[in-house]
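Asks: below are the sequence and a predicted model; questions follow.
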Amino acid sequence: MEQGTAEQQPRTGAWLPARAGTAAPYGDHVVHERAVHERDVPDPAVPGPSPVAAPTGPRVPAQAPRPQRYSVRGQVLTALRQALLSGELAPGELYSAPALGERYGVSATPVREAMQQLAGEGAVEVVPNRGFRVCERSPRDLAELAEVRSMLEVPAVVRLARALPPARWEELRPLAAAGVTAAAHGDRAGYAEADRVFHHALVSFTGNRHLVQATDDLLRRTQWPAGGARLRTADLLADASEHTALLDALIAQEYAVAERIARAHLSVARHPH
């Protein structure tokens, strides 16, 4: 994907816990690896097709399949999210789909499609006949988003803490470690994705798809830069370490400690988004 610089337009102003990862991330096309494997393994009880002899003539290279629309759009969406998180696409600025398409080496159509999804996530707003303006987050916006997230996720953690055995929480260790690694490198975009994956997997334990979708959407909305602020590596590490501390408390079955950590982690004062 071409990494040029886009020309910016002027500023214009009964409940059972599920296994982690069973619900697909909001807005993404994901197929669980286990499901793919099990689908591809033939059933020994069902006779397969008869073997076909290999051709003896020269091999003719097969024509490469053309990229599917959703694949291009997904790549553009990922690139735009990274640009938003890094501050390359600045809050308050207006960007056109053709200019961004030229930047990424694609037509304007997948850019518009990706931007429409980002508009639904609250990252940008549509400016008719002009393009898309990056939204700005006020302190009040962030406080209200943090409050709603806390109202949804903390009760979920409290219920799950008493419902799941410690071994289930251990499944989230690699996700927490990925967040620490990204934070240690100062990779804001990488940490934002690791943070999203961790919270998605945690809430997925509830088995409630609507709760997963709602919390995914809320987290996305908190991740866009507020006024273009750039976070220090120490801020990212502090947030990432709370994932590890939360798992430690849940595995030790220290329910009050786990609840306290979850509330602090989701508060606007401690959360770096």
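Replies: That came through fine. Computed from a predicted structure; not experimentally measured. Numbering: from 1, shown residues only.

Asks: show me what the lengthiest helix in the chain is packed up against.
Replies: Counting by DSSP state H, the longest helix found in the chain is helix 139-163. Helix 139-163 sits against helix 188-204, helix 209-223, helix 233-251, helix 255-266, with contacts defined as 3 or more C-beta pairs under 8 Å, 6 or more residues apart in numbering; DSSP states H and E. Placement of C-beta: from N, CA and C, glycine included.

Asks: mind listing what's buried along it?
Replies: 141-142, 145-146, 149-150, 153-154, 156-158, 160-161 (16 or more other C-beta atoms under 10 Å).

Asks: do the same with stretch 122-132
Replies: Across stretch 122-132, burial judged by 16+ other C-beta under 10 Å covers 122, 123, 124, 131, 132.

Asks: cool, stretch 255-268 as well?
Replies: 257, 258, 259, 261, 262, 265, 266, 268.

Asks: would you reformat the buried residues of helix 139-163 as CSV and include distance to residue 88?
Replies: Shown next, in CSV, are the buried residues of helix 139-163 (distance: C-beta to C-beta, whole Å):
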residue, distance to residue 88
141, 21
142, 21
145, 23
146, 25
149, 26
150, 30
153, 30
154, 34
156, 34
157, 34
158, 39
160, 37
161, 39
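
Asks: quick one: the helices in the stretch 1-150 of the chain?
Replies: 33-40, 69-86, 97-104, 108-120, 139-163 (DSSP state H, counting those that start in this stretch).

Asks: quick one, the second one and helix 97-104 angle?
Replies: Same thing as helix 69-86. Per axes from the mean of the first three to the mean of the last three C-alpha atoms, to 10 degrees, the angle that helix 69-86 makes with helix 97-104 is 90 degrees.

Asks: show me what helix 69-86 is packed against.
Replies: Other elements packing on helix 69-86 under the criterion 3+ C-beta pairs under 8 Å, 6+ apart are helix 97-104, helix 108-120, helix 188-204.

Asks: quick one: which of those is nearest residue 236?
Replies: Judged by C-beta to C-beta, the one of the helices and strands packed on helix 69-86 that comes nearest to residue 236 is helix 188-204, at 5.0 Å.

Asks: using PDB, write down the CA coordinates of the closest one.
Replies: Extracted C-alpha coordinates of helix 188-204, given in PDB (Å, rounded to 0.1, in the frame of the first residue of the first chain):
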ATOM      1  CA  ARG A 188      -0.100   3.700  20.100                       C
ATOM      2  CA  ALA A 189      -2.000   2.100  17.200                       C
ATOM      3  CA  GLY A 190      -0.700  -1.300  18.100                       C
ATOM      4  CA  TYR A 191      -1.700  -0.900  21.700                       C
ATOM      5  CA  ALA A 192      -5.100   0.400  20.800                       C
ATOM      6  CA  GLU A 193      -5.700  -2.800  18.800                       C
ATOM      7  CA  ALA A 194      -4.300  -5.000  21.600                       C
ATOM      8  CA  ASP A 195      -6.500  -3.200  24.100                       C
ATOM      9  CA  ARG A 196      -9.600  -3.700  21.900                       C
ATOM     10  CA  VAL A 197      -8.800  -7.400  21.500                       C
ATOM     11  CA  PHE A 198      -8.300  -7.900  25.300                       C
ATOM     12  CA  HIS A 199     -11.600  -6.200  26.200                       C
ATOM     13  CA  HIS A 200     -13.400  -7.900  23.400                       C
ATOM     14  CA  ALA A 201     -12.200 -11.400  24.600                       C
ATOM     15  CA  LEU A 202     -13.100 -10.600  28.200                       C
ATOM     16  CA  VAL A 203     -16.600  -9.400  27.500                       C
ATOM     17  CA  SER A 204     -17.100 -12.400  25.100                       C
END
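
Asks: tell me the angle it makes with helix 69-86.
Replies: Taking the same axes, to 10 degrees, one finds helix 188-204 and helix 69-86 inclined to each other by 110 degrees.

Asks: which other helices and strands contact helix 188-204?
Replies: Applying 3+ C-beta pairs under 8 Å, 6+ apart, one finds that helix 188-204 makes contact with helix 69-86, helix 139-163, helix 173-184, helix 209-223, helix 233-251.

Asks: ok, now with 10 Å
Replies: When contacts are defined as 3 or more C-beta pairs under 10 Å, 6 or more residues apart in numbering; DSSP states H and E, helix 188-204 sits against helix 69-86, helix 139-163, helix 173-184, helix 209-223, helix 233-251, helix 255-266.
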